[in-house]
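In: Quick one, what's the 3D model for this:
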Amino acid sequence: MFDNLTDRLGSVLNKLRGQGRLSEENIKETMREVRMALLEADVALPVVRSFTDRVKEKALGEEVLRSLTPGQVLIKIVNDELVKVMGEANERLDLSAQPPAVVLMAGLQGSGKTTSVAKLARWLRETQKKSVMVVSCDVYRPAAIDQLRTLAAEVAVEFFPSTTEQRPLDIARAALEAARKQFKDVLIVDTAGRLHVDAGMMDEIKELHAGIKPVETLFVVDSMTGQDAANAAKAFDDALPLTGVVLTKTDGDARGGAALSIRQITGKPIKFLGIGEKSDALEPFHPERMASRILGMGDVLSLVEQVQRKVDHGKAEQLARKLQKGKGFDLADFREQMEQMANMGGIASLMDKLPGMGEIPDRVKGQINDKEIGRTIAIINSMTPQERRFPQIIKGARKRRIALGSGTNVQEINKLLKQFAQMQKMMKKMKGGGMSKMMRGLKGRMGGAGGMPPGGFPF
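Out: Coordinates of the predicted model:
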């Protein structure tokens, strides 16, 4: 997300970074380029105008013009204004009502409501330790109810059954009663996709809202619709008292216009981002972290939270103890590292949050892809336990057998073994000089053999 905007803003602001002095003329020129970058990102025109006007006004103030590092001060102003546009701080779900707290999900057709219901249910269960029930009031879309039943089983939450013959309000009331009897903390209600111009469907959801009185009414919208997402959210807010927005499919949106437009146009906060297809691909929206990402400064806090949540710390400690005792790092350990990385959303997800990624050449970034992780795991799975422990025994005939078993070729086996040898050297340094030696070894080695940093990303 924001790839194009990050590249454009990065090149514009880098010109200013080292300048000893800013003038009204070069600030005006910079703002013109920032305006173009935002419009290309499909940010709504009123948002672009107010943003650039505010930045320009502050940039021409004495603080910037008299500063010893005016370029850096201007970058800070741009960062602060981006945060303001997106909403200052993360706005949490308000679940303080008497249980069960009801969350109503509304939105257009095809925006990803049903999958967002399952993702939110999983997030509430795993991170907030809530007991959750989900129910589908979508009596129009074929198999919508079955889809939610399947997803509820996948994320291990309670599913309340419904049929297409029932009225949505009757379904919701029955689910609310069942959630009370089962002492559930949260009931998430999935609704049918509807257009705001469809008066009959809008009346139906108004009746549903009045009947179950949700504490949170979330508008689910596809980020790839750009500023139209903000306009749709505003139209829904005119009919329903929305409390927030869930922005879906952000992993496929390189522009980010919706995220930058919604808050200012609707006054409603973005509460969550859908960042992939898997049921754990949902994260709370933090404006300050997103602004940092847009400006190419990474998002280390989200990365740390991701590691804490998804890395198997028991296995990580086991590996650390093994290395401290001087026992060799083998291909089974390497496979475990690759699996941990896949659990965290893959290389693309990690790179998006690392500072300075905008400065890595596109040629190198293009080499680093998540297919490489799957291929690496497949190759190691095709080896015998002895080969994983002693890779030096893997010669001609063994390489051909492993290539055949993993659907790869001998060149790829050679590439992996070379990559593993590099990581093994680094891991040996862990025994003597600790992490500092290993970090020095890692420095400047992005984009090595096999399309990944040599040795991957150890956890």
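In: only C-alpha atoms for contact and neighbour calcs from this point on.
Out: Noted.
In: Please tell me how far the spatially most distant residue from the centre of the chain sits from S136.
Out: What lies farthest from the middle of the chain is A397; by C-alpha atoms, centre = their mean that is 42.9 Å. Distance, A397 to S136, using C-alpha to C-alpha, to the nearest Å: 56 Å.
In: ok, then the element right after the helix or strand hosting R375?
Out: Here R375 sits within helix 371-381, counting by DSSP states H and E. Heading C-terminal from helix 371-381, the first helix or strand you meet, by DSSP H and E, is helix 385-389.
In: helices or strands next to that following helix in the packing?
Out: helix 331-343 (3 or more C-alpha pairs under 8 Å, 6 or more residues apart in numbering; DSSP states H and E).
In: Pretty sure Y140 sits in a strand.
Out: No. Counting by DSSP: H, G, I helix; E, B strand; the rest coil, Y140 is located in no strand; its state is coil.
In: mean confidence score for the strand or helix carrying I413?
Out: Element membership of I413 [criterion: DSSP H and E] is helix 410-442. For helix 410-442, the mean pLDDT works out to 67.
In: From here on, call the first residue 14.
Out: Got it, the first residue is 14 from now on, which makes the last one we talked about helix 423-455.
In: separation between I390 and A114?
Out: Distance, I390 to A114, by C-alpha to C-alpha: 43 Å.
In: make that E139, sorry
Out: Look at E139 and A114: by C-alpha to C-alpha, they are 17 Å apart.
In: Could I get the contacting residues of T128?
Out: If you count contacts by C-alpha atoms under 8 Å, 6 or more residues apart in numbering, T128 has them with 161, 164, 292.
In: Could you pull up the residues touching the last one?
Out: Contacts of S292 were listed using C-alpha under 8 Å, 6+ apart, and they are 128, 131-132, 135, 168.
In: now that we have those residues, which one has the most neighbours?
Out: Within these, neighbour counts (other C-alpha atoms under 10 Å) peak at A131, which reaches 28 neighbours.
In: Please name the residues that touch that one.
Out: 147, 161, 164-165, 168, 292.
In: can I get those residues in CSV with pLDDT?
Out: As requested, these are exported to CSV (pLDDT from 0 to 100):
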residue, pLDDT
V147, 93
L161, 92
L164, 93
A165, 93
V168, 91
S292, 84
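In: Which single one of the residues you listed is nearest to F64?
Out: Closest approach between the contacts of A131 and F64, by C-alpha to C-alpha: S292, at 35.0 Å.
In: before we move on, what SS does the closest one have?
Out: Counting by three-state DSSP, the backbone at S292 sits in coil.
In: can you pull out the helices in the stretch 14-163 of the chain?
Out: Here the stretch 14-163 of the chain has its helices, by DSSP state H, counting those that start in this stretch, at 16-30, 37-53, 58-72, 75-78, 83-99, 126-140, 157-167.
In: List just the one of those helices that sits closest to S305.
Out: Nearest of these (C-alpha to C-alpha): helix 83-99, 7.0 Å.
In: Please name every helix or strand in contact with that closest one.
Out: If you count contacts as 3+ C-alpha pairs under 8 Å, 6+ apart, helix 83-99 packs onto helix 16-30, helix 58-72, helix 75-78, helix 270-279, helix 300-307.
In: rank the ones you listed by pLDDT, which is bottom?
Out: Across the helices and strands packed on helix 83-99, helix 75-78 gives the lowest mean pLDDT, at a mean of 59.
In: Could you check which of I390 and A114 has the larger neighbour count?
Out: A114 (23 against 19).
In: pretty sure the more buried one is touching D198, no?
Out: Yes. Using C-alpha atoms under 8 Å, A114 is in contact with D198, at 6.2 Å.
In: ok, how many other residues are close to A110?
Out: Other residues near A110 come to 12 when the count uses other C-alpha under 10 Å.
In: swap in R154?
Out: 11.
In: What residues does it make contact with?
Out: A205.
In: Against L161, how distant is it?
Out: From R154 over to L161 (counting by C-alpha to C-alpha), the distance is 12 Å.
In: Then I392?
Out: 36 Å.
In: again, but for L286
Out: Taking C-alpha to C-alpha, one finds L286 at 20 Å from L161.
In: Then G125?
Out: Separation of G125 from L161 (C-alpha to C-alpha) stands at 12 Å.
In: just Q179 next, same as before
Out: 16 Å.
In: cool, P112 as well?
Out: Using C-alpha to C-alpha, we find P112 at a distance of 22 Å from L161.
In: Compare these two and say which is more crowded by neighbours.
Out: Taking neighbours as other C-alpha under 10 Å, P112 and L161 compare with L161 leading, 22 against 15.
In: residues contacting the more buried one?
Out: L161 neighbours (C-alpha under 8 Å, 6+ apart): 127-128, 131, 147-149, 172.
In: ok, those residues vs R186, which is closest?
Out: Looking across the contacts of L161 and measuring by C-alpha to C-alpha, the closest to R186 is V148, at 10.4 Å.
In: tell me, how many neighbours does T140 end up with?
Out: Counted with other C-alpha under 10 Å, T140 comes out at 9.
In: Contacts only, for it.
Out: Counted by C-alpha under 8 Å, 6+ apart, T140 has zero contacts.
In: for K219, same thing?
Out: For K219, the contact set (C-alpha under 8 Å, 6+ apart) comprises 252-253.
In: again with F347
Out: Contact partners of F347, counting by C-alpha under 8 Å, 6+ apart, are F433.
In: From P404, how far off is it?
Out: According to C-alpha to C-alpha, F347 stands 12 Å off from P404.
In: now, which of the contacts of S292 sits nearest F249?
Out: Using C-alpha to C-alpha, T128 comes nearest to F249 of those, at 20.1 Å.
In: quick one: the closest one and Q160, what's the gap?
Out: For T128, the distance to Q160 - C-alpha to C-alpha - is 9 Å.
In: Most tightly packed of the helices and strands packed on helix 83-99?
Out: helix 270-279 (a mean of 25; mean count of other C-alpha atoms under 10 Å).
In: Could you list the domains of the protein?
Out: 16-99, 114-311, 316-464 (automatic domain parsing).
In: Those: which one's closest to L106?
Out: Here domain 114-311 is closest among the domains of the chain (C-alpha to C-alpha), at 7.2 Å.
In: Out of the contacts of S292, flag the one nearest to N103.
Out: In terms of C-alpha to C-alpha, no member of the contacts of S292 lies closer to N103 than K132, at 18.2 Å.
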